[in-house]
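J.: Just to be clear, the model below is a prediction. Sequence and coordinates:
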Amino acid sequence: MSEKYYTLSTNTAEQFDELHDQLVNGSLLSRIIVCENHTDHSPTRGEFLLTDDEADTLKQDHRVKFINLTPARYPEIFNATEDDLKMEVNGADYGRYTDTVRNYHDWGNSAITSGIDDLNRASAQLIRCKQKRNPWVATSTATNQYIERNPTQQGAGENVDIICMDNGTWIGHTEFINTGVVNAVNPQDYIGGNVLPGDGYCDVLDVLLDGPYYIDPDWFDADPGNRLETRWDGTIVPTETAAHNWWRDSTQRSAQFAEFGNILTNTGYTRDGSHGSNSTYPTVASATHGTQCASLIYGRTHGWAYNANKWHMSLYSNGNIGSFEIGFDICKIFHLYKPVNPLYGTKDPTLGSNSWGFRAGKSSSFYYFQSATGTAYPGSSDEPEFMRWMGYDGDAGRWKSEMYDNSMTEAGKELTDSGFIFVVAAGNSGQMQVNPDDPNYDNHISDDSNDGVYNTSGAQTFLSFGYTVTGTTNRRGFPQHIGKTESQTLQGNTTVEFPAINIGALDDQFSGDGRERKVNYSDMGNAIDLYAPADGTLAATVGLYGTDIARYDDTYADLSTTYDSRDTRFSGTSAACPVACGFLATVMQYNRGWTYNDLRNWIESNVDIQDSADFYDGTRGTTAEGTEWSDRNRLQGGDARVAFLGTVPLTTPYPNDTVGYVAPTTPFLRGSLTVRGGLGIRYKN
């Protein structure tokens, strides 16, 4: 007879006392059982020396709730390591597809096709962001050669709202269609659909026109004949009139939503105009740029966050939402008033992808470089070196400056203060952006040789698209400085916070010695949070645009536009921003309560700086006329921090049997967590 240490528990304290006495006096198991630990702090639990047969007998006793070997006595059995127990997503990868696909780096110089071999093709953004070293560098593969690999994920943005804030999006493209796409092979855990009723076969919704029904379903359901209609894909949506009235008139919504007042939307903003359908491209908005961005955020084949709640907004094209200020207000209201997700008991996080910015050409008489006194220069032909190259490669000589406070910046501050995660393209001016503790932070231009940054003498005003800017040369522009907050510490020091996550662009080609690098036109400096694949990405497009390529999954049963769905070359920090936004959504889905500070801290703590042997950074220019400024691939003192999934914490445990939760059939393993359906769950209102 070999005894072992077993811990048992009963359903009640009275049952434990009764069972304990029967065991130690020998009346229950025909021998006296030793109670090794009575565990007085627990009235229903104790440790006993039992044989395996005796333990099996006790399992049948109706009073016993459980009985098991005592874990502390047998560490060799209960041997989970520290890494096993950490609530991290790290190491829990799963294949996006069931087989490999072609991944391109410099696809413009590759033998890319539209046949079955290039089904689900992607540019570098998917596999590049899964490892620290660029896969082409790590495998000594030329940039014009594809890598055959199955991209892996640790989530696809489930239960996160993402808004593509751009110039319109053609949502009839196959990238956003979940049913009936000819030749499509979807990601294994792709959900498809959207958060509104109707089981629509298009995944994308409009914040202005469709968001009101998501926020306030009771209002629209109370009079469906006048307030609701069926969209071309089967989704039940508000009529355009009812949607605009909901925003513009507080009496045209449920009483609990009257408090935010009226927002004067542009009533010319329409579905056909801003995002088209299966039978028409957007009729007013240009939408090419926005379609490309949206596909890199949450497209079926190009995006990281293909299971996110997919939203878009025509923010600045023809027939736009009304103004940037109105767009910010609508996003804020959407974020604050949308329903609680019953899977978690909290509202879903909201991220916005913003691949746009204010910049302008400027001229003046003096420049300030790390000095309180300006140095004269006679004009643009004799600009100092640190200014000469700004806007040279990618922005037609334009560059950005910090903007003075105005109603738009205030609306933006309210948006970021609400908890909205604002992801932004750093800009294509090849401009150094620095933090407040950097000696270049106050560099600026002026017509006055003794003028401060904020132009206290009133010597000159600079304009950018009609908004007054300061003339700073090395600070964030707008919207990169959206939500900027200055505060005083107890010691009297000024601290400055910038909520926007600022994204720079990588090149699709390497330096002469084979190292990865930022692309020449991308802004750089220590104010850039992350760099992401950008130059020459493959993205969805509207019609025949630029260097476009047919897709193998280019049509579906109801598609009747002039041209089938196609891809195109897309570059700039405009491409880097949506790649990073979709990527960051797969981090936020596991950390739903994070603020922008939490997200930035994760970036700084877990996205390791690239090794100089793999990534070209270059030395920093330290004088106004230094020769270093002409090398536009240099990071100018910024960190070579490329988006890749390092260690991802899990501060939001995945829900189990929550009200409203429907368990899918096939589980995927997520580290030490078994998540049913691979997070393949979307809450529908």
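T.: In hand now; what should we look at?
J.: Can you tell me the SS state at the closest residue to residue 190 other than its chain neighbours?
T.: Spatial nearest neighbour of residue 190, excluding adjacent residues (Cβ to Cβ, 6 or more residues apart in numbering): residue 306 at 5.9 Å. C-beta here means a position set from N, CA and C on the backbone, and glycine is covered the same way. Following DSSP: H, G, I helix; E, B strand; the rest coil, residue 306 is assigned to coil.
J.: and the helix or strand where residue 578 lies, what does it pack onto?
T.: Assigned by DSSP states H and E, residue 578 falls within helix 573-588. Other helices and strands packing on helix 573-588, by 3 or more Cβ pairs under 8 Å, 6 or more residues apart in numbering; DSSP states H and E, are strand 161-166, helix 288-298, strand 350-354, strand 421-425, strand 501-506, strand 530-533, strand 537-541, helix 596-606.
J.: Figure out which of these is closest to residue 441.
T.: Of all those, it is strand 501-506 that lies closest to residue 441, at 14.7 Å by Cβ to Cβ.
J.: other SSEs contacting the closest one?
T.: Strand 501-506 packs on strand 421-425, strand 530-533, helix 573-588, helix 596-606, going by 3+ Cβ pairs under 8 Å, 6+ apart.
J.: State the pLDDT value of the residue nearest to residue 190.
T.: pLDDT for residue 306: 97.
J.: Make 597 the starting number, not 1.
T.: Renumbered: residue one is now 597, and that last one reads residue 902.
J.: Isn't it up against residue 753?
T.: Yes. The criterion here is Cβ atoms under 8 Å, and residue 902 meets it with residue 753 at 7.1 Å.
J.: Output the below-cut-off pLDDT ranges for the stretch 1147-1281 of the chain.
T.: Applying pLDDT under 70 to the stretch 1147-1281 of the chain flags residues 1250-1281.
J.: Low-confidence regions, the stretch 797-946 of the chain specifically.
T.: By pLDDT under 70, the stretch 797-946 of the chain has no low-scoring segment.
J.: hmm, back to that, mean neighbour count and distance to residue 1208 added to the helices and strands packed on strand 1097-1102, as CSV?
T.: As requested, the helices and strands packed on strand 1097-1102 are arranged in CSV below (neighbours: other Cβ atoms under 10 Å; distance: least, Cβ to Cβ, whole Å):
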stretch, mean neighbour count, distance to residue 1208
strand 1017-1021, 28, 26
strand 1126-1129, 29, 15
helix 1169-1184, 30, 21
helix 1192-1202, 16, 19
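J.: Can you lay out the ones you listed as a markdown table showing distance to residue 1050?
T.: Shown next, in a markdown table, are the helices and strands packed on strand 1097-1102 (distance: least, Cβ to Cβ, whole Å):
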| stretch | distance to residue 1050 |
| --- | --- |
| strand 1017-1021 | 23 |
| strand 1126-1129 | 30 |
| helix 1169-1184 | 27 |
| helix 1192-1202 | 25 |
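J.: Which one, of the ones you listed, ends up nearest to residue 761?
T.: Across the helices and strands packed on strand 1097-1102, closest to residue 761 is strand 1017-1021 (Cβ to Cβ), at 8.9 Å.
J.: What helices and strands are in contact with the helix or strand following the closest one?
T.: Downstream of strand 1017-1021, the next assigned helix or strand under DSSP H and E is strand 1040-1042. Applying 3+ Cβ pairs under 8 Å, 6+ apart, one finds that strand 1040-1042 contacts strand 962-964.
J.: where's the strand it packs on relative to the chain centroid, distance-wise?
T.: 38 Å (Cα atoms, centre = their mean, to the nearest Å).
J.: How about stretch 1196-1212?
T.: The chain centroid and the centroid of stretch 1196-1212 are separated by 18 Å under Cα atoms, centre = their mean.
J.: what's that stretch in contact with?
T.: For stretch 1196-1212, the external contacting residues (Cβ atoms under 8 Å, 6 or more residues apart in numbering) are 728-730, 733, 1097, 1107, 1109, 1111-1113, 1125-1126, 1183, 1187, 1190, 1213, 1229-1230, 1235-1240, 1242-1245.
J.: Please check those and keep the buried ones.
T.: Buried members of the contacts of stretch 1196-1212, counted by 16 or more other Cβ atoms under 10 Å: 728-730, 733, 1097, 1111-1113, 1125-1126, 1183, 1187, 1190, 1213, 1229-1230, 1235-1240, 1242, 1244-1245.
J.: May I see the buried residues of stretch 652-662?
T.: 654, 659-660.
J.: ok, now stretch 740-758?
T.: Going by neighbour count (16+ other Cβ under 10 Å), the buried part of stretch 740-758 is 740, 742-743, 745-758.
J.: and what of stretch 1095-1107?
T.: For stretch 1095-1107, by 16+ other Cβ under 10 Å, it's 1095-1106.
J.: And these, which is closest to residue 708?
T.: Using Cβ to Cβ, the buried residues of stretch 1095-1107 come closest to residue 708 at residue 1104, 12.9 Å.
J.: Chain neighbours aside, what residue packs nearest to the closest one?
T.: residue 1132 (3.8 Å).
J.: Please verify my assumption that the one you found contacts residue 702.
T.: Yes. Under the criterion of Cβ under 8 Å, residue 1132 makes contact with residue 702 at 6.1 Å.
J.: Now do the shared contacts for these two.
T.: residue 1104.
J.: So these two - more neighbours on which side?
T.: residue 1132 (24 against 20; other Cβ atoms under 10 Å).
J.: Next, work out how far apart that one and residue 1213 are.
T.: Separation of residue 1132 from residue 1213 (Cβ to Cβ, to the nearest Å) stands at 21 Å.
J.: same deal with residue 999?
T.: 30 Å.
J.: do residue 1038 as well
T.: Taken as Cβ to Cβ, the span from residue 1038 to residue 1213 is 24 Å.
J.: Inside strands: which ones of the contacts of stretch 1196-1212?
T.: Of the contacts of stretch 1196-1212, the ones assigned to strands by DSSP state E are 1097, 1126.
J.: Which of the contacts of stretch 1196-1212 fall within helices?
T.: Judged by DSSP state H, the contacts of stretch 1196-1212 include 733, 1183 as members of helices.
J.: picking that back up, out of the helices and strands packed on strand 1097-1102, flag the one nearest residue 990.
T.: Once these are compared by Cβ to Cβ, helix 1169-1184 is nearest, at 8.6 Å.
J.: so how far is the closest one off the chain centroid?
T.: 4 Å.
J.: tilt between it and helix 1192-1202?
T.: Helix 1169-1184 and helix 1192-1202 meet at an angle of 90 degrees, taking axes from the mean of the first three to the mean of the last three Cα atoms, to 10 degrees as the criterion.
J.: Give me the angle between helix 1169-1184 and strand 1097-1102.
T.: Using the same axes, to 10 degrees: helix 1169-1184 against strand 1097-1102 is 130 degrees.
J.: In CSV, could you pull the C-alpha coordinates for helix 1169-1184?
T.: Only the C-alpha atoms of helix 1169-1184 are listed here, as CSV (Å, rounded to 0.1, in the frame of the first residue of the first chain):
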residue,chain,number,x,y,z
THR,A,1169,3.6,57.0,-44.8
SER,A,1170,0.0,56.8,-46.0
ALA,A,1171,0.6,53.0,-46.4
ALA,A,1172,2.6,52.6,-43.2
CYS,A,1173,-0.2,54.1,-41.1
PRO,A,1174,-3.0,51.6,-42.0
VAL,A,1175,-0.5,48.7,-41.8
ALA,A,1176,0.4,49.8,-38.3
CYS,A,1177,-3.2,50.5,-37.3
GLY,A,1178,-4.3,47.0,-38.1
PHE,A,1179,-1.2,45.5,-36.5
LEU,A,1180,-1.8,47.5,-33.3
ALA,A,1181,-5.5,46.4,-33.2
THR,A,1182,-4.3,42.8,-32.7
VAL,A,1183,-2.5,44.1,-29.6
MET,A,1184,-5.4,46.2,-28.3
